[in-house]
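Kindly generate the corresponding structure for this input.
(one chain, ligands or ions: 1)
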Amino acid sequence: MKAGVKINRDKVISKIDDRIYSSFIEHLGRAVYGGIYEPGHETSDDMGFRQDVMKLIKELKVPMIRYPGGNFVSGYNWEDGTGDRSKRPRKMELAWNSIETNEVGIDEFQEWAKRADSDIMMAVNLGTRGADDARNLVEYCNSKTDTYYADMRRKNGFDEPFGIKLWCLGNEMDGDWQIGTKRPKEYARLACETAKLMKMVDPSIELVACGSSGPQMESFGEWEETVLREAYDHVDYLSLHSYYGNPDDNSQEYLGSATIMDKFIKDVIAICDKIKDEKKSDKKIMLSFDEWNVWFHSAEQDKKQEPWQIAPPLLEDMYNLEDAIVVGDLMITLLKHSDRVKVACLAQLVNVIAPIMTVTGGGVWKQTIFYPFKYTSVNGRGTALTADIQCETFSAGKTENAPTVDAVAVLSEDETEISVFAVNRKLGEDAELDLSLEGFEGYKLTEHISMEGENLKAGNSIENPDKVTPVIKSVDGNIVLTGGSWNYLKFTK
Ligand code: AHR
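Here you go, the predicted structure:
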């Protein structure tokens, strides 16, 4: 099959906000305990943070990390994770039926994030708590005043504020699995009033209101409209969450997953702009896709976990090659919408539906999805350009009329490189690209990396960590995208 790809210098989507390459660490399973934090581990630093894990996180160049949840945050008292560690309470953690020791809280996490060269995106508890605790947390983290919570931070050893700029007003508050689920109007009022108080404490912060937990939610649409009608003037972003998977083992259908993400984003943009028009506002609400990934492999094994364990192995999806292709394609989709998607968080980062896995007391290894995330995060900084594509379409299961080839281009800040991220979603059919770079003189293909292989179900493990790694392709001759592959093409001036 042939596919035409035209990249034109004038077809700018947007300057990419680096926060599109963010991730997420929740107090869930072995993400914190046994993941980023393991005192006594041979690689741990003075605070118990694993340096083998840190090294891989830095390889991914993650600019911001959402914390501390997720579902966890809706039952969390942030004060439990501050101050004297010997006095911190052990609690029943109701979101994941685990025991939370509170050994790590915001005091430690902010230090860890600094060491990881990352900012924090902080979520507040709007499940069991509300506006009062949220504004207190903003004061604790960000205020320089001589007042109770800022003083409490100083007493705990932190003279300087943590300076957290981006905050989530709760998490998935429409989900009946959420601690303290809300109806649309209830959440809309709470989010609005909480936002007002938080911004009174620190007017420089930005706020993300919860959108639906996914397009499959019955109240999707109504939820977004209600929240925005109420809180439009007080929030900056609306959240999107979505997970993809191949539970029916239909790989061809699965490789079309990004078309579902694409529609979801377009639908949410339309809602935001409808409310903008209604309000005759000049302000555009931006999107924070603050949970996205593949998540389905661990569903059955998680049901077998005993409750009330400390850091049980939960949501430990073992990813394979087809998952990596889908993750790469989801990133292409986010970049294609980078004019509105300013923040996106790969959920999550370590051990829990994660690109990085650890053995508690042992080594660390990279899942297949590590690679498309890394190549896109490292090379996809600058200005996103549209790739106009002429190609066949395919249908399989719920995937209908999906373009076989999809792509986006990124022009680097210094304009010396054009990175093209591309997928061929059609299994068994290679695509020969007729690729033109319009308005770019003297750029040559200098690198072609792909995720492809015979066995779509192959994955990595601690025993065999390099079974699935990027393939280095020839840069001479025609550009061919193998049937069922994700690709990174670098053009250099
Ligand atoms: O990322 C795992 C979970 O998925 C989060 O805790 C929750 O917000 C979502 O349902």
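
Could you use CA atoms for every contact and neighbour count after this?
Noted.

Tell me which stretches of the stretch 101-250 of the chain form helices.
106-115, 131-142, 148-155, 184-201, 222-231 (DSSP state H, counting those that start in this stretch).

Count the residues that sit near Gln390.
17 (other Cα atoms under 10 Å).

For the residue nearest the centre of the chain, which non-adjacent residue is spatially closest?
Ranked by distance to the mean C-alpha position of the chain (Cα atoms, centre = their mean), the top residue is Cys345 at 1.6 Å. Spatial nearest neighbour of Cys345, chain neighbours left out: Ser23 (4.0 Å); criterion: Cα to Cα, 6 or more residues apart in numbering.

follow-up on the earlier one: ok, is the helix or strand harbouring the residue nearest to the centre of the chain in contact with the ligand or not?
Element membership for Cys345 (DSSP states H and E) is strand 341-346. No: residues of strand 341-346 are not located near the ligand by Cα under 6 Å from any ligand atom, the shortest gap being 9.0 Å.

what packs against that strand?
With contacts taken as 3 or more Cα pairs under 8 Å, 6 or more residues apart in numbering; DSSP states H and E, strand 341-346 sits against strand 22-24, strand 286-294, helix 321-336.

mean confidence score for the last one?
Meaning helix 321-336. Mean per-residue pLDDT for helix 321-336: 98.

so that helix versus strand 286-294, what angle?
Relative orientation of helix 321-336 versus strand 286-294 (axes from the mean of the first three to the mean of the last three Cα atoms, to 10 degrees): 170 degrees.

ok now helix 321-336, how far from the chain's centre?
Offset of helix 321-336 from its chain centre (Cα atoms, centre = their mean, to the nearest Å): 12 Å.

How about the first one?
Chain-centre distance of strand 22-24: 5 Å, with Cα atoms, centre = their mean.

Looking at the protein, which residue is nearest the ligand?
Of all residues in the chain, Gly70 sits closest to the ligand, with a separation of 3.3 Å (Cα to the nearest ligand atom).

and that residue, how many neighbours does it have?
Neighbours of Gly70 under the rule other Cα under 10 Å: 24.

Surely it is in contact with Ser23?
No: using Cα atoms under 8 Å, Gly70 is not in contact with Ser23; the gap is 12.0 Å.

Any regions of this structure where pLDDT drops low?
Counting by pLDDT under 70, the chain contains no low-confidence residues.

Show me which residues of it sit near the ligand.
So the chain meets the ligand at Gly69, Gly70, Asn71, Asn171, Glu172, Ala347 (Cα under 6 Å from any ligand atom).

now the fourth one: how far from Ala113?
Per Cα to Cα, to the nearest Å, Asn171 is found 21 Å from Ala113.

Between those two, tell me which one has more neighbours.
Asn171 (30 against 17).

Can you lay out the helices and strands packed on strand 341-346 as CSV showing mean neighbour count?
Formatted as CSV, those follow (neighbours: other Cα atoms under 10 Å):
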stretch, mean neighbour count
strand 22-24, 28
strand 286-294, 24
helix 321-336, 26
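
okay if I get those as CSV plus distance to Asp466?
Formatted as CSV, these follow (distance: least, Cα to Cα, whole Å):
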stretch, distance to Asp466
strand 22-24, 23
strand 286-294, 20
helix 321-336, 12
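
the longest strand in the protein is where?
When the chain is parsed with DSSP state E, its longest strand is strand 2-15.

So which residues lie in contact with that strand, not counting its own?
336-339, 382-392, 405, 409, 431-440 (Cα atoms under 8 Å, 6 or more residues apart in numbering).

Weed out the non-buried ones from those residues.
336-339, 382-391, 405, 409, 431-433, 435, 437 (16 or more other Cα atoms under 10 Å).

Now do the contacts for Gly35.
Gly35 neighbours (Cα under 8 Å, 6+ apart): Arg50, Val53, Val350, Asn351, Met357, Thr358, Thr360.

again, only this time at 10 Å
Contacts for Gly35 (Cα atoms under 10 Å, 6 or more residues apart in numbering) come out as 25, 29, 49-50, 53-54, 311, 349-352, 356-360, 364.

Now do the helices for the stretch 351-493 of the chain: every range, in order, please.
Secondary structure of the stretch 351-493 of the chain (DSSP H, counting those that start in this stretch): helices at 370-379.

one step back: quickly list what's touching both of Gly70 and Ser23.
Common contact partners of Gly70 and Ser23 (Cα under 10 Å, 6+ apart): Asp290, Glu291, Ala347, Gln348.

Who are the packing partners of the helix ranked longest in the chain?
In the chain, with assignment by DSSP state H, the single longest helix is helix 257-279. Packing partners of helix 257-279 (3 or more Cα pairs under 10 Å, 6 or more residues apart in numbering; DSSP states H and E): helix 222-231, strand 237-244, strand 286-294, helix 321-336, strand 399-403.

Which of the shared contacts of Gly70 and Ser23 sits closest to Ile120?
Nearest to Ile120, judged by Cα to Cα, of the shared contacts of Gly70 and Ser23 is Asp290 at 12.4 Å.

surely that closest one meets Gly214?
No: the pair Asp290 / Gly214 is not scored as a contact, 11.4 Å apart, by Cα atoms under 10 Å.

which residues are in contact with both of the two?
Shared contacts of Asp290 and Gly214, defined by Cα under 10 Å, 6+ apart, comprise Ser239, Leu240, His241, Ser242.

which residue sits closest to the second one in space, ignoring its chain neighbours?
Here the nearest residue to Leu240 in space, its sequence neighbours aside, is Phe289; by Cα to Cα, 6+ apart that works out to 4.5 Å.

Provide a list of residues in contact with the residue lying closest to Met64 once chain neighbours are set aside.
Nearest-residue entry for Met64: Asp119, 4.4 Å, with adjacent residues in sequence omitted and distances by Cα to Cα, 6+ apart. Listed by Cα under 10 Å, 6+ apart, the contact set of Asp119 reads 19, 22, 62-66, 110, 113, 162-166.

let's see it at 8 Å
Contacts of Asp119 by Cα under 8 Å, 6+ apart are Pro63, Met64, Ile65, Ala113, Ile164.

wait, which of these is closest to Pro307?
Closest to Pro307 out of the contacts of Asp119 is Ile65 (27.3 Å), distances taken as Cα to Cα.

check which helix or strand covers the closest one.
strand 64-67.

now could you export just the CA positions of that strand as PDB?
Written as PDB, here are the backbone C-alpha positions of strand 64-67 (Å, rounded to 0.1, in the frame of the first residue of the first chain):
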ATOM      1  CA  MET A  64       5.400  17.100  35.700                       C
ATOM      2  CA  ILE A  65       3.900  14.300  37.800                       C
ATOM      3  CA  ARG A  66       0.400  14.200  39.100                       C
ATOM      4  CA  TYR A  67       0.100  13.200  42.800                       C
END
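
Check which helices and strands the helix or strand following that strand sits against.
Counting by DSSP H and E, the next helix or strand C-terminal to strand 64-67 is strand 91-93. Counting contacts by 3+ Cα pairs under 8 Å, 6+ apart, strand 91-93 packs against strand 98-100.

Show me what the strand it packs on is packed up against.
Secondary elements touching strand 98-100 (3+ Cα pairs under 8 Å, 6+ apart): strand 91-93, strand 309-310.
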